[in-house]
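Colleague: only geometry, no sequence info:
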């Protein structure tokens, strides 16, 4: 199989990740921090070492990084824990359902109102779109760092400055950029991301990184192994957001994924994958049967994601025909209906290509040659 669905989940996983996850299951199947015996202490230290790796990657304090099952869970915790009745939220026009559905659910319950800011390939225009929507009760801006459908990068660092100047909290969805871009300067109050995408970790891993002095209400309470006599959830991180048993093997595998990414070099990974996308874009642009929806994917303007359609086929038909030839791509709405409505592709969807560090030039040529014969 030639795999081009890496923006959903990277595949294959590095063997170091497979080995680490297996080691976690074998040697660290103990509740970290909840026992005085040596194995529990060692497990706690191992888990904390992964927090430190994420801290080096994101610039958030290690103790302020809470592990979650995925980015969706992290975003739900961050969004729902940040607002109160009467607040106003602004999101972007390309948000994933991991953002738009929680926000819409809050609106339907009468808790908040929200507006959608149209994005642009011009960073200043994008920031101004958010600025125009700010109200007296705007409490929160939630924004993806890059579109999971069309690949455009959103200037979250500039939006962070806008938020700070107006006393607004910023939550960033880093699912498509952590491990792909340097996110240490996003300056978001809360950064959420998956572990199984650009960090090459196991599925069932994610995290929420919280800035200093950011108060968040809980949406899940339970056992943490700390302050157990108190019926209230702990008020300190990461315990406040880590009720129940952690996914130790997944987290340890994630640590190996971070090591893999850092050894390869984030800039090198980005360059390799974007080079593939740029080549594919140029080839597809010359095919009269192909419809493209974005400008040429320039460096620092796009992440390595490309959406297209072929002939008059529904996107699912194109993907199914390619799947029959052993080429795996994602078709449809990609859990991001706002993005498709904004680009005018909500009825047809798109076929999405997203390479990984393991993608080869030969695989790209096989895809191009196969597409021409559909």
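Modeller: Noted; the coordinates are in hand. Please read all numbers here as calculations on a predicted model, not as lab measurements. Residues are numbered from 1 along each chain as shown.

Colleague: hmm, residue 23 is touching residue 248, no?
Modeller: No. Judged on C-beta atoms under 8 Å, residue 23 makes no contact with residue 248 at a distance of 10.3 Å. C-beta coordinates here come from the backbone N, C-alpha and C atoms, glycine included.

Colleague: pick out whichever of those two has more residues nearby.
Modeller: In this view residue 23 and residue 248 are compared by other C-beta atoms under 10 Å, and residue 248 has more residues nearby, 23 against 15.

Colleague: now do the contacts for the more buried one.
Modeller: 24, 25, 28, 29, 30, 32, 43, 46, 47 (C-beta atoms under 8 Å, 6 or more residues apart in numbering).

Colleague: now the third one: phi and psi?
Modeller: This means residue 28. The phi and psi values for residue 28, taken as degrees, to the nearest 10, are phi -130, psi 30.

Colleague: neighbours of residue 346, just the number please.
Modeller: Residue 346 has 14 neighbours, counted by other C-beta under 10 Å.

Colleague: now the residue nearest to it when sequence neighbours are not counted: how far from residue 332?
Modeller: Nearest-residue entry for residue 346: residue 340, 4.1 Å, with adjacent residues in sequence omitted and distances by C-beta to C-beta, 6 or more residues apart in numbering. Residue 340 is 9 Å from residue 332, where distance means C-beta to C-beta, to the nearest Å.

Colleague: of these two, which one has the most company?
Modeller: Neighbour count, other C-beta under 10 Å: between residue 340 and residue 332, residue 340 has more, with 22 against 17.

Colleague: isn't that one up against residue 331?
Modeller: No. Between residue 340 and residue 331 there is no contact under C-beta under 8 Å: 11.8 Å.

Colleague: where do the contact lists of the two overlap?
Modeller: With C-beta under 8 Å, 6+ apart, residue 340 and residue 331 have common neighbours 349, 350.

Colleague: ok, residues contacting the lowest-mean-pLDDT helix or strand in the chain?
Modeller: Lowest by mean pLDDT, DSSP states H and E among the helices and strands of the chain is helix 38-58, with a mean of 94. Around helix 38-58, the neighbours that count as contacts under C-beta under 8 Å, 6+ apart are 24, 28, 30-35, 60-63, 65, 67, 178-179, 183-184, 191, 207, 209, 238, 246, 248, 251-252, 254-255, 258-259, 262.

Colleague: quick one, what contacts residue 361?
Modeller: For residue 361, the contacting residues are 276, 279, by C-beta under 8 Å, 6+ apart.

Colleague: ok, which stretches of the stretch 151-300 of the chain are strands?
Modeller: 169-173, 190-194, 206-210, 290-292 (DSSP state E, counting those that start in this stretch).

Colleague: want to throw these into JSON lines with distance to residue 149, mean pLDDT and mean neighbour count?
Modeller: Listed next are the strands of the stretch 151-300 of the chain as JSON lines, based on distance: least, C-beta to C-beta, whole Å; pLDDT from 0 to 100; neighbours: other C-beta atoms under 10 Å:
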{"stretch": "strand 169-173", "distance to residue 149": "13", "mean pLDDT": "98", "mean neighbour count": "28"}
{"stretch": "strand 190-194", "distance to residue 149": "16", "mean pLDDT": "98", "mean neighbour count": "30"}
{"stretch": "strand 206-210", "distance to residue 149": "20", "mean pLDDT": "98", "mean neighbour count": "29"}
{"stretch": "strand 290-292", "distance to residue 149": "13", "mean pLDDT": "98", "mean neighbour count": "17"}
